[in-house]
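Colleague: Sharing a model prediction with you, sequence too.
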Amino acid sequence: MEMVFCPACAADVHDGTAACPVCHAPRALPAPCAIRRNPFKLIALCLLWAIGFWLLSLFLLGEQAERQLGGQLLLASIGLSIALTVRGNLPGTQKPSHAP
């Protein structure tokens, strides 16, 4: 085992101990590594959800809405999927939980 210095009293402490044997100060635990979401997966899922929202809105509103609002519905569905992807509300885009 490696020897490290106690931050409270500067005594030599074994790396595996939880507290300093001299001053009994607890050793700081290393910060857990943050789990990151894969940006490529998020972009792909965002595009798939945007297309799905757009097709669903065209199906529900009918042919007349497709002629008049097709582009606007596409922009709205892209905005909605981006917002829901960033927040992690869509399936496959959830933010990782930080378990202690």
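Modeller: Alright, I've got the coordinates. Residues are numbered from 1 along each chain as shown.
Colleague: Can you give me the separation between residue 96 and residue 37?
Modeller: 7 Å (Cβ to Cβ, to the nearest Å). Every residue, glycine included, has its C-beta placed from N, CA and C.
Colleague: just residue 55 next, same as before
Modeller: 25 Å.
Colleague: quick one: residue 13 is in a strand?
Modeller: Yes. Residue 13 sits within a strand when classified using DSSP: H, G, I helix; E, B strand; the rest coil.
Colleague: Start from the N-terminal end of this structure and give the helices.
Modeller: 39-61, 63-87 (DSSP state H).
Colleague: of all the ones you listed, which lies closest to residue 2?
Modeller: Among the helices of the chain, the nearest to residue 2 by Cβ to Cβ is helix 39-61 (36.4 Å).
Colleague: Which secondary structure elements does that closest one sit against?
Modeller: Here helix 39-61 touches helix 63-87, going by 3 or more Cβ pairs under 8 Å, 6 or more residues apart in numbering; DSSP states H and E.
Colleague: contact partners of the helix it packs on?
Modeller: 42, 45-47, 49-51, 53-54, 57-58, 61, 90, 93 (Cβ atoms under 8 Å, 6 or more residues apart in numbering).
Colleague: Can you tell me which of these are buried?
Modeller: 42, 45, 46, 49, 50, 53, 54, 57, 58, 90, 93 (16 or more other Cβ atoms under 10 Å).
Colleague: pLDDT score for the residue nearest to the fifth one when sequence neighbours are not counted?
Modeller: What that stands for is residue 50. Leaving aside its chain neighbours, residue 50 sits nearest to residue 81 (4.0 Å; criterion: Cβ to Cβ, 6 or more residues apart in numbering). Residue 81 carries a pLDDT value of 91.
Colleague: Quick check: residue 81 vs residue 37, distance?
Modeller: Separation of residue 81 from residue 37 (Cβ to Cβ) stands at 15 Å.
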